[in-house]
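Asks: what follows is a predicted protein model with its sequence.
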Amino acid sequence: MSQLPELRYPSVSDVLSSARALAARRPGLCTLREVGLSRGGRPLHLLSVGHAPRSVLVVAGAHANEPAGGSTLLSLAQRTVHEKELRSGTAWHFLLCADPDGASLHVTPTPRSLLDYHLGFYRPAGPEQPEWSPSVLPPDRLPPETRVLTRVIDEVRPYLQVSLHGTDLGGSWVQLTKDVPGLAEPFAKSAAELHIPVETGASDAVGWPAAGAGVYVMPAPGTDAVFPSLPDDARHSTWYHAHRHGGLTAVVEVPMWASDLVDDPAPHPAPAAAMRRLARRLRRDTEQVENVLADALPRTEGPEGPFLRAAKWALALVPGLAADWSRPPPPGATMAYIGSVDAFGRRIPLRAASMLLRALRDTDDRAALRLEHLVTVWTESFAERFRARWVPLENQVEHQSRTVLAAARHAHPDHR
């Protein structure tokens with residue numbers, strides 16, 4: 001009996017080929033067009049399904065290292081073509097990949113382990129990320145991918161923009177720029193059915209009001225950030241651009257590997273001591289990467305490439321973030337919240353080491369051996385600490401798709 005091939009994340013070209021085939025099969029219903037070019041000259045494409053006064057915009061590939069969005073986008077596009085009721089009064093628009101340059105540098109095969117993922121890791125520096133660049137750059141310096149995205153938002157004027165994101169290890173959660181009453185229940189039901197934990201203390205949303213377990217509503221502009229050292233502010237990102245047209249944005253996160261430690265709502269017995277311990281580890285691990293970088297830097301030649309640039313940007317976040325974590329934590333800190341911060345603190349030096357390793361491998365530098373050791377040891381520790389278990393790709397896609405459709409239904413002006 002032959003075994004079915006294991007599902008894998010589609011590449012940007014795979015997503016484009018599937019979108020072209022869909023548009024060719026239903027030319028009266030679907031249109032596919034190029035809406036701009038990336039910094040590297042790669043085209044950005046928009047697939048539109050249906051014709052209606054209301055619209056939903058779905059954005060995939062905003063972060064290069066979060067690959068589930070391409071699969072989810074294709075699944076949603078096919079469903080909107082085949083399920084007429086989804087197009088009742090609503091047109092659907094799909095930006096196939098917001099950052100094709102970044103996607104070309106992150107290597108995502110069918111991952112066998114968290115180590116595979118990190119050995120091919122790439123995530124651009126903040127100013128080069130399409131959604132986040134407006135929070136760290138002046139308007140006249142925004143990258144072309146950001147300008148394309150905001151132009152598309154201004155054109156289709158979505159009542160709902162959905163940005164498809166993911167996490168390497170953890171659970172699922174949703175971030176909203178405005179509350180969507182009724183979303184929390186189908187989100188939780190879907191996660192439970194597919195055995196995906198819900199992040200009840202996501203560090204990305206610490207201090208935000210919760211509309212339900214794992215569903216967070218971004219605080220109003222002017223609210224103090226819990227981690228003030230971080231340079232980016234979601235309220236200045238492209239997520240808020242939809243508000244110009246009376247819309248809102250939902251960011252749907254889904255894990256590649258799940259951890260059942262991220263949904264424990266019990267109060268942590270000693271959160272301040274735990275946060276100080278995590279701050280010390282963050283400084284210590286980062287110092288190891290910085291020492292390797294200092295050793296290797298004099299031997300590097302030529303302009304600073306994307307891997308080195310991104311690694312240095314990540315390392316520069318650490319002093320301020322460690323200082324933030326050394327202050328008293330927010331009231332009522334839970335086991336899930338401390339776990340989320342623990343994972344966040346492991347990711348920064350690990351990702352920096354992974355990208356620096358890829359930069360130095362190109363030059364066959366001796367420091368690559370030291371970095372490979374760090375990446376291997378830290379990845380194994382990360383997976384062991386959080387009891388990582390792979391979430392089948394079809395479950396990642398199904399949960400993300402269900403959440404998008406629920407958000408579109410509950411956020412629709414006629415529903416409200």
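Replies: On my side now, so go ahead.
Asks: for the rest of this, base every contact and every neighbour count on C-alpha atoms.
Replies: OK.
Asks: which stretches of the protein have low pLDDT?
Replies: 1-6, 109-111, 221-226, 231-232, 416 (pLDDT under 70).
Asks: spell out for me which residue occupies the centre of it.
Replies: The centre of the chain sits closest to His165, judged by C-alpha atoms, centre = their mean, with a distance of 3.4 Å.
Asks: just give the closest residue to it, not the sequence neighbours.
Replies: Nearest residue to His165, sequence neighbours excluded (C-alpha to C-alpha, 6 or more residues apart in numbering): Glu253, at 4.7 Å.
Asks: gap between the one you found and Arg141?
Replies: For Glu253, the distance to Arg141 equals 28 Å [C-alpha to C-alpha, to the nearest Å].
Asks: which one of the two has more residues nearby?
Replies: Glu253 (27 against 11; other C-alpha atoms under 10 Å).
Asks: what residues sit buried inside the host helix or strand of the more buried one?
Replies: Assigned by DSSP states H and E, Glu253 belongs to strand 248-258. The neighbour-count check on strand 248-258 (16 or more other C-alpha atoms under 10 Å) flags 248-258 as buried.
Asks: repeat that for stretch 381-396.
Replies: In stretch 381-396, counting by 16+ other C-alpha under 10 Å, buried: 382-383, 386, 388-391, 393, 395-396.
Asks: which residues are contacting that stretch?
Replies: Defining contact as C-alpha atoms under 8 Å, 6 or more residues apart in numbering, one finds that stretch 381-396 is touched by 7-9, 68, 114, 169-170, 194, 196, 254-261, 343, 346.
Asks: which of those count as buried?
Replies: Using 16+ other C-alpha under 10 Å, the buried ones in these are 8-9, 68, 114, 169-170, 196, 254-261, 343, 346.
Asks: quick revisit: beyond the strand holding Glu253, next helix or strand please.
Replies: helix 271-296.
Asks: next secondary structure after that next one?
Replies: helix 306-316.
Asks: distance from the chain centre to that next one, please.
Replies: Computed by C-alpha atoms, centre = their mean, to the nearest Å, the chain-centroid distance of helix 306-316 equals 18 Å.
Asks: next up, the contacts around Val198.
Replies: Contacts of Val198 (C-alpha under 8 Å, 6+ apart): 171-173, 188, 191, 213-214, 262-263.
Asks: farthest pair within the residues you listed?
Replies: Pairwise distances across the contacts of Val198 (C-alpha to C-alpha) peak at 14.2 Å, for the pair Ala188 and Val262.
Asks: neighbour count: the two, which is higher?
Replies: Set side by side, Ala188 and Val262 show more neighbours around Val262, with 26 against 21, by other C-alpha under 10 Å.
Asks: can you list the domain ranges for this structure.
Replies: 12-260+390-411, 271-385 (automatic domain parsing).
Asks: just say which of these is most tucked in.
Replies: Of those, the one with the most neighbours on average (mean count of other C-alpha atoms under 10 Å) is domain 12-260+390-411, at a mean of 20.
Asks: gap between the two ends of that one?
Replies: So domain 12-260+390-411: terminal residues 29 Å apart, C-alpha to C-alpha.
Asks: what does stretch 248-266 give?
Replies: Termini of stretch 248-266 sit 32 Å apart (C-alpha to C-alpha).
Asks: you'd agree Pro67 is up against Tyr9?
Replies: Yes - with contact defined as C-alpha atoms under 8 Å, Pro67 counts as touching Tyr9 (6.4 Å).
Asks: identify the contacts common to these two.
Replies: Thr108.
Asks: wait, is Gly36 part of a strand?
Replies: Yes - using DSSP: H, G, I helix; E, B strand; the rest coil, the assignment for Gly36 is a strand.
Asks: which strand residues bridge it?
Replies: Leu44 (DSSP bridges).
Asks: contacting residues around it?
Replies: By C-alpha under 8 Å, 6+ apart, the contact set of Gly36 is 43-45, 144-145, 148.
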